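**Q** A structural model of the following input is requested.
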Amino acid sequence: MVGVHIAHNCNIGDDNIFTNEVALAGHIEVEDHVFLSNNVGAHQFVRFGRYAMVGGKSKIVQDVLPFFTTDGNPAQLRAINSVGLRRAGFSNETRRVLKEAYRLLFRSGMPLESSARRIGPDKG
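**A** This is a model prediction of the structure:
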């Protein structure tokens, strides 16, 4: 797209979409299947997790979690990237589990350690 800037020492994965005027500072890692909307600006040393989507005009100064949508200035985690995951062939069950993990980790108000235990392998 028009005017995309990728600075020095960036590692860019496969099957990513960068729309107009995306600007990545140095030493950034973009994993696979990431969608960056127009005018996203990213500070040095951040990582974009796979299947992440970032809304337009977002200022990214911290890592962007995989499988989720991040948006705003300052950028905030908004929801799972349900459309992107569905289009990529993720099953309904996988999307449901990710949505539940998002709810527990970021919306429940429980301490992180308690939330993580509820979504862990033994769910104890």
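**Q** Check which helices and strands the lowest-mean-pLDDT helix or strand in the chain sits against.
**A** Considering only helices and strands, the least confidently modelled element of the chain by mean pLDDT, DSSP states H and E is helix 112-119, at a mean of 85. Packed against helix 112-119 by the contact rule (3 or more CB pairs under 8 Å, 6 or more residues apart in numbering; DSSP states H and E) you find helix 92-102. Where you see a C-beta, it was placed from the backbone N, CA and C, and this is true even at glycine.
**Q** And the helix it packs on, what's buried?
**A** Of the residues in helix 92-102, those scored as buried under the neighbour-count criterion (16 or more other CB atoms under 10 Å) are Arg95, Leu98, Ala101, Tyr102.
**Q** Can you pull the phi and psi angles for Phe68?
**A** Recorded main-chain torsions at Phe68 are phi -120, psi 160, according to degrees, to the nearest 10.
**Q** how many neighbours does it have?
**A** Around Phe68 sit 23 other residues, with neighbours defined as other CB atoms under 10 Å.
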